[in-house]
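Enquirer: Predicted model and sequence follow; I will ask about them next.
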Amino acid sequence: MNLTVRFCGAARTVTGSCHLFEFGGRRVLVDCGMFQGQKTLKALNYGAFPFRSADIDAVLLTHAHIDHSGLLPKLVKDGFRGPILATQGTIDLCSFMLPDSGSIQESEVATLNRRNAARGRGIVTPIYTQRDALACLDAFRPVAYQQWTEVLPGVRVRFWNAGHLLGSASIELEFMTGGHVIGVLASGDIGPDAKLFQPLPEGPTDLDYLICESTYGDTDRPPVTEDSRRAHLAEEVRAARQAGGPLLIPAFAVERTQELIVDLVDLMNRGAIPQAPIFLDSPLAIRATEVFERDASGPAHLLGSPHLRCTESVEDSKAIDRLDGFHIVIAASGMCDAGRIRHHLKRYLWQASTTVLLTGFQAQGTLGRFLNDGARAVRIQGDEIQVKARMRRIDDYSGHADGPELARWIAARRPIRRGVFLVHGEEPALNGLSERIAERSVPAAQVFIPLLDDIYELTTRAPTPLDVAGRRRLAPEAVTNLDWHNDMSKLILDINERMQAAADDRTRGVIVRRLRRALEAE
């Protein structure tokens, strides 16, 4: 009986996690995540799945982050009728994260359609709606950690705490093939050694295959403790206060935000940083904080601090922009790709007194990545904004293990008999982790870095790549390189900068004529 795996997402990129296992005519998905970042990748969210939704028998969900769960409402809407197995913590988070995602789809498409109507362009429909997301929740079924569950005849699974997020799991799958068992472990996202709300990541040993995330596979972080993390944060807050303007913190709504609140409140209470209002400007983060108060191990009563001000409504959010002087705003999204943080960046990014503190991974093609890489100007909601703010970064709050931690976690899974697939990483990270584990944890020939839509046969002695000619949704270079949308945005910014720097109208006219000739030559 054949067993194959198809990498339908998170291959040479960090978003869109989705692995399709086909076994004896049955199909199981591990994750069904949304693509984020550059527009070429995000366009995949609107296109057809590389499989028939009605043919999927079950979904196993590693955790609630949208790049792992975000297309589940679309899957159900398109005809999936099986169960979605997840831990109770993941179900609790998805119960409001997925409807929030549906609401965002509706809101963003409504804005886009208003622009399209003015430009004479066609109408776009949302990937799914809030109602679709609520309907999807009926398919969820809770599972406990470290207990075997039969998913289909001949297929059983076991969830292990991944230490990444409330409810996060690595998922072990066993397939019975001709009297033999093939064991596969899908890592999900692996948490670091020092995590405020989560235990150390766990996992089984003695596997045939490991599918492992590689987000920070090429990164060596200095050791992080609670004291060092808070000292680093305090240093950044004091510097922001000295600059005189607001401190804007783009943060993922779930867990990253709660960790920051705990540390900021503690530092203010101890007098380590100046007291100032902390605006939690994200309805999703407010709901997630309520879940953490109820379910997570670690500090509770997060919403009870007098320093913290929750802004649920759009009107309350807009009111923040009328403030002068030092205050702190925590808002989604963590990569500045959507949500209220973009409005605050548009309002404050051009002011030298502003500080922007990035606290997590910034995927290629996102606004956060351009800011992190030192862009002098960016486009937000169609407007050009000069970047005069102080751009700062702190990695102490990362929810992902770094390279050495990933290598140790992989080594602890040995023996791994047939192969390791490295996913959920950009090429430098993938290559960095491959170098760390090759000939140490597994032979170099047993380390594989699949492309998007690659298919491997897993019943052979070593994984065998199958022909996928005509089945790729994107060319490999379209996944790994910045797309034309990014190039065009940068070109517009460069043209505006050159025009402003021109000495006079005659020089500007020369630039315009050269551009026109270049267009006509095409």
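Expert: The structure has been received and is ready for your questions. Residues are numbered from 1 along each chain as shown.
Enquirer: Could you use CA atoms for every contact and neighbour count after this?
Expert: Will do.
Enquirer: which helices and strands sit right next to the helix or strand harbouring residue 156?
Expert: If you go by DSSP states H and E, residue 156 is part of strand 155-161. If you count contacts as 3 or more CA pairs under 8 Å, 6 or more residues apart in numbering; DSSP states H and E, strand 155-161 packs onto strand 149-152, strand 169-177.
Enquirer: Dump the last one to PDB, restricted to CA.
Expert: Yep, that's strand 169-177 we're talking about. Only the C-alpha atoms of strand 169-177 are listed here, as PDB (Å, rounded to 0.1, in the frame of the first residue of the first chain):
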ATOM      1  CA  ALA A 169       1.700  20.200  19.000                       C
ATOM      2  CA  SER A 170       4.000  18.100  17.000                       C
ATOM      3  CA  ILE A 171       2.000  15.300  15.500                       C
ATOM      4  CA  GLU A 172       3.200  11.700  15.200                       C
ATOM      5  CA  LEU A 173       1.500   9.600  12.500                       C
ATOM      6  CA  GLU A 174       1.700   5.800  12.100                       C
ATOM      7  CA  PHE A 175       0.700   4.100   8.900                       C
ATOM      8  CA  MET A 176       0.200   0.300   8.700                       C
ATOM      9  CA  THR A 177       1.500  -0.900   5.400                       C
END
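Enquirer: Tell me the strands beside it, with direction?
Expert: Each strand paired with strand 169-177, and its direction, by DSSP bridges: strand 155-161 (antiparallel), strand 180-186 (antiparallel).
Enquirer: Please identify the deepest-packed of these.
Expert: Among the strands paired with strand 169-177, strand 155-161 has the highest mean neighbour count (mean count of other CA atoms under 10 Å), at a mean of 23.
Enquirer: Identify the residues contacting that one?
Expert: 143-151, 167-176, 199, 201-204 (CA atoms under 8 Å, 6 or more residues apart in numbering).
Enquirer: Of those, select the buried ones using a PyMOL command.
Expert: Burial among the contacts of strand 155-161 is assessed by 16 or more other CA atoms under 10 Å; the matching PyMOL selection reads:
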select buried, resi 143+144+145+146+151+167+168+169+170+171+172+173+174+175+176+199+201+202+203+204
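Enquirer: so which of the strands paired with strand 169-177 comes closest to residue 312?
Expert: With CA to CA as the criterion, residue 312 lies closest to strand 155-161 of the strands paired with strand 169-177, at 32.0 Å.
Enquirer: before we move on, back to that, can the strands paired with strand 169-177 go into JSON lines with extra columns for mean pLDDT and distance to residue 385?
Expert: Formatted as JSON lines, the strands paired with strand 169-177 follow (pLDDT from 0 to 100; distance: least, CA to CA, whole Å):
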{"stretch": "strand 155-161", "mean pLDDT": "98", "distance to residue 385": "43"}
{"stretch": "strand 180-186", "mean pLDDT": "96", "distance to residue 385": "41"}
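Enquirer: Let's have the ones you listed in JSON lines, adding distance to residue 135.
Expert: As requested, the strands paired with strand 169-177 are exported to JSON lines (distance: least, CA to CA, whole Å):
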{"stretch": "strand 155-161", "distance to residue 135": "25"}
{"stretch": "strand 180-186", "distance to residue 135": "27"}
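Enquirer: wait, which of the ones you listed is closest to residue 480?
Expert: Per CA to CA, nearest to residue 480 of the strands paired with strand 169-177: strand 180-186, 22.5 Å.
Enquirer: next SSE after the closest one?
Expert: strand 207-213.
Enquirer: Report the distance from that next one to the chain centre.
Expert: 21 Å (CA atoms, centre = their mean, to the nearest Å).
Enquirer: Name the residues of the helix or strand following it that come out as buried.
Expert: Sequence order places helix 226-243 as the next helix or strand after strand 207-213, per DSSP H and E. Under the neighbour-count criterion of 16+ other CA under 10 Å, helix 226-243 has 229-231, 233-234, 236-237, 240-241, 243 buried.
Enquirer: which other residues reach the helix or strand following helix 226-243?
Expert: Following helix 226-243 in sequence order, the next helix or strand is strand 247-250 (DSSP H and E). By CA under 8 Å, 6+ apart, the residues outside strand 247-250 that reach it are 237, 240-241, 326-336, 341, 344-345, 354-359.
Enquirer: how about a cut-off of 6 Å?
Expert: For strand 247-250, the external contacting residues (CA atoms under 6 Å, 6 or more residues apart in numbering) are 328-334, 355-357.
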